[in-house]
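*Asks:* With the sequence up front, the predicted model follows.
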Amino acid sequence: MKKLFRLSFLLLMAGSLLAACSNNDQASKETEASGAEYEPATIRIAYNLPAGHHISEGVEEFVRKIEEKSDGQIDMQVFANGQLLTDKDMNQSLLTGGVEMGMNSSTIWASTVPSMGIFDVPYAFETYEEAGEALNGELGDILRSEMEDVGVKVLMFADYGFGQFANNKRPLESPEDFKGLKIRSVGALPSEFIQAYGASPVFMGGGEVYMGLQRKTVDGATSGTTAMVQRNYDEVTDYLTVNNYVYFEFILGVNKDFWDGLPEKTQQLIEDTASETEEWIRHQTKLEDERTLQELKDRGMEVYEVPEEDIPVWKEAAMPVWESFRNEAGAVGEELLDMVDGK
């Protein structure tokens, strides 16, 4: 009887130990799945796009997911719409570690990394899908490497959309129609492009364009239709030319020294979330371009959409810009041009 009792006791203890081990294993797994595995970190992220823009919405979702998946261990401090840095100051701050993460246009980055000017080469990308494939392939790898060489790791390419021309003088139905106009510009290659069509470029910040058009400081401006809707271009311009001449790109980068100091687990979370966000933004870009183009039509702008068969004429007139990019970006620029021209 005593032996039977002792055996029952031993079996009960063994079962309890097994259950405890199982519970410990389960608790360990739950701990691993929670944000407790992430080391605390504070990351400041700055950008200049207004609230409501699809890129801004993507960035805010990127931030939310990182904080949520890390259970708040990674504190993302967001400075939107130029609250912390202007687009002119963003790159230097990111390079020196003044801010850990920042988003800025490829046009502004081109002054530091000339190969980023590929997005300002007229008619280099013809479709959204083509741009996406290039950025997910060798072209994107080259640009990421070039950015790392100056001290910034690219987390995502955020598609802004195709660039168009609005003006308050006349319909622009051929490159010759640009002659004599003053057009707002945002960078070196865009200015050369405007000059190639016979117009005069005028450097002007995005927030100054409406007043510049209203006061006739400039006759027209180039931008995406998303910005034209948000900034009410229809109130100060009558004509819109849709020629998809350039594919505007924004870059979300992180200071490389800061990045290298982050735990691998944190790096993986950020990269995975950035990849998801990049795809979402790319999908939204086409939808937003289509929606805002229709809205500008509905608001009364006279829209001229350049027929596909006429694009070669527009491209040929812009070839001096291709040569300028080739000279500025050197061997890397030559390689990138071969990629986009040989597609």
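*Replies:* Here it is on my side, so go on.
*Asks:* Show the average pLDDT along stretch 134-150.
*Replies:* In this model, stretch 134-150 has a mean pLDDT of 97.
*Asks:* residues in contact with that stretch?
*Replies:* 95, 109, 112-113, 115-116, 118, 125, 153-154, 157, 249, 251, 253, 256, 332, 335-336, 339-340, 343 (CB atoms under 8 Å, 6 or more residues apart in numbering). For glycine as for every other residue, the C-beta is placed from the backbone atoms N, C-alpha and C.
*Asks:* In contact with residue 275, which residues are there?
*Replies:* residue 156.
*Asks:* before we move on, what SS does it have?
*Replies:* helix (DSSP: H, G, I helix; E, B strand; the rest coil).
*Asks:* Please apply the same query to residue 218.
*Replies:* Secondary structure, three-state DSSP: residue 218 is coil.
*Asks:* For residue 316, see how far away it is.
*Replies:* Per CB to CB, to the nearest Å, residue 218 is found 26 Å from residue 316.
*Asks:* those strands in the stretch 201-343 of the chain, which residues are they?
*Replies:* 220-224, 239-242, 247-255, 302-305 (DSSP state E, counting those that start in this stretch).
*Asks:* Against which helices or strands is the third one packed?
*Replies:* Which is strand 247-255. helix 54-69, helix 87-96, strand 101-105, helix 106-109, helix 128-135, strand 152-167 (3 or more CB pairs under 8 Å, 6 or more residues apart in numbering; DSSP states H and E).
*Asks:* Run the chain-centre distance for it.
*Replies:* Offset of strand 247-255 from its chain centre (CA atoms, centre = their mean, to the nearest Å): 4 Å.
*Asks:* That strand: partners in the sheet, and parallel or antiparallel?
*Replies:* With DSSP bridges as the test, strand 247-255 is paired with strand 101-105 (antiparallel), strand 152-167 (antiparallel).
*Asks:* re earlier: make JSON lines from the strands of the stretch 201-343 of the chain and add mean neighbour count, distance to residue 176 and mean pLDDT to it.
*Replies:* Shown next, in JSON lines, are the strands of the stretch 201-343 of the chain (neighbours: other CB atoms under 10 Å; distance: least, CB to CB, whole Å; pLDDT from 0 to 100):
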{"stretch": "strand 220-224", "mean neighbour count": "25", "distance to residue 176": "15", "mean pLDDT": "94"}
{"stretch": "strand 239-242", "mean neighbour count": "21", "distance to residue 176": "13", "mean pLDDT": "98"}
{"stretch": "strand 247-255", "mean neighbour count": "24", "distance to residue 176": "24", "mean pLDDT": "97"}
{"stretch": "strand 302-305", "mean neighbour count": "14", "distance to residue 176": "14", "mean pLDDT": "98"}
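*Asks:* Turn those into a markdown table, including distance to residue 311.
*Replies:* As requested, the strands of the stretch 201-343 of the chain are exported to a markdown table (distance: least, CB to CB, whole Å):
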| stretch | distance to residue 311 |
| --- | --- |
| strand 220-224 | 16 |
| strand 239-242 | 11 |
| strand 247-255 | 14 |
| strand 302-305 | 11 |
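*Asks:* which stretch among these comes nearest residue 62?
*Replies:* Evaluated over the strands of the stretch 201-343 of the chain, closeness to residue 62 peaks at strand 247-255, with 7.9 Å, by CB to CB.
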